[in-house]
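Enquirer: just the structure for this:
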Amino acid sequence: MTDSDNSTTLPSVTTRRRDRQISNASGYFDDSDSAILLQREWLRAQHVSQVLCRLQQRLERRVLDGASLEPTDEKVGYYIACQAEVEATTAAVRLQDKLPHIRAGSLLGVVAKLEIIVGVDRDIDDPTDFPWPHIASVLDDLKEMAGSLPSERPQRSVVHEDCRRYQEMGANFVGLQLRSGQGPELGQYGPE
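Expert: So this is what the prediction gives:
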């Protein structure tokens with residue numbers, strides 16, 4: 001006796017999931033889903049913040065290696081870089097703060113929201129502590145059902161433009177402090 005179940009076609013749910021993964025792999029996503037758009041903005045802000053952090057660290061090393069207490073252009077550049085990083089990080093946090101107020105319009109939108117939550121945790125807490133492995137497991141399950149969002153990296157020109165904008169904001173802040181006579185102290189932004 002043969003098993004008739006072996007000759008049946010795959011259920012439509014499996015077919016839809018496969019089609020969704022194929023369409024996601026091709027880069028087609030619903031741009032009207034607010035959660036997906038928020039995740040894209042957040043990833044961009046996070047990336048720019050990391051770029052500015054590396055710049056600030058390089059400048060900090062130069063300032064500390066110089067070991068001069070006199071204000072120099074290099075120190076002012078360092079102060080500006082520190083403030084630019086603060087501005088970029090603040091922009092990312094503001095996007096994170098929008099998360100509870102954004103409704104996902106699809107399962108991929110839910111994936112996007114969880115990607116932000118898990119991404120924030122990578123920077124803050126130990127990802128092996130409860131509930132993070134559990135949330136990561138739920139995220140993996142959702143990705144299996146709905147597909148994954150593409151891991152996009154912003155174009156270099158976009159990153160440079162964002163960095164310039166935050167550096168300009170940092171320069172304005174530092175300039176106001178210097179003009180008011182309350183210039184930044186090195187210890188305010190880094191090791192003394």
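Enquirer: average model confidence for the biggest helix by length in the chain?
Expert: The helix spanning the most residues in the chain, taking DSSP state H as the definition, is helix 34-66. Mean pLDDT, taken over the full extent of helix 34-66, equals 93.
Enquirer: what of stretch 75-82?
Expert: In the prediction, stretch 75-82 has an average pLDDT of 91.
Enquirer: hmm, residue 145 is touching residue 107, no?
Expert: Yes - using Cβ atoms under 8 Å, residue 145 and residue 107 qualify as a contacting pair, with a distance of 6.5 Å. All C-beta atoms are positioned from the backbone trio N, CA, C, and that covers glycine.
Enquirer: give me the buried positions along the longest helix of the chain.
Expert: 34-53, 55-56, 59-60, 63 (16 or more other Cβ atoms under 10 Å).
Enquirer: what segments of the chain are strands?
Expert: Remark: no strands are assigned in the chain by DSSP state E.
Enquirer: pull the helix or strand with minimum mean pLDDT from it.
Expert: Across the helices and strands of the chain, mean confidence by mean pLDDT, DSSP states H and E is lowest for helix 12-25: a mean of 40.
Enquirer: who touches stretch 85-96?
Expert: Residues outside stretch 85-96 that contact it (Cβ atoms under 8 Å, 6 or more residues apart in numbering) are 38, 41-42, 45-46, 48-49, 52-53, 55-56, 116, 120, 162-163, 166, 169-170.
Enquirer: state the mean pLDDT of that stretch.
Expert: Per-residue pLDDT over stretch 85-96 has a mean of 96.
Enquirer: what ranges does the chain have for its helices?
Expert: All helices of the chain, identified by DSSP H, fall at 12-25, 34-66, 73-98, 107-124, 132-146, 156-179, 186-189.
Enquirer: tilt between the third one and helix 107-124?
Expert: For helix 73-98 against helix 107-124, the angle by axes from the mean of the first three to the mean of the last three Cα atoms, to 10 degrees is 140 degrees.
Enquirer: okay, buried residues for helix 73-98 please.
Expert: Within helix 73-98, the residues that qualify as buried by neighbour count (16+ other Cβ under 10 Å) are 75-89, 91-92, 95-96.
Enquirer: for the fifth one, same thing?
Expert: Applying a neighbour-count criterion of 16+ other Cβ under 10 Å, one finds 132, 136, 139, 142, 143, 146 buried in helix 132-146.
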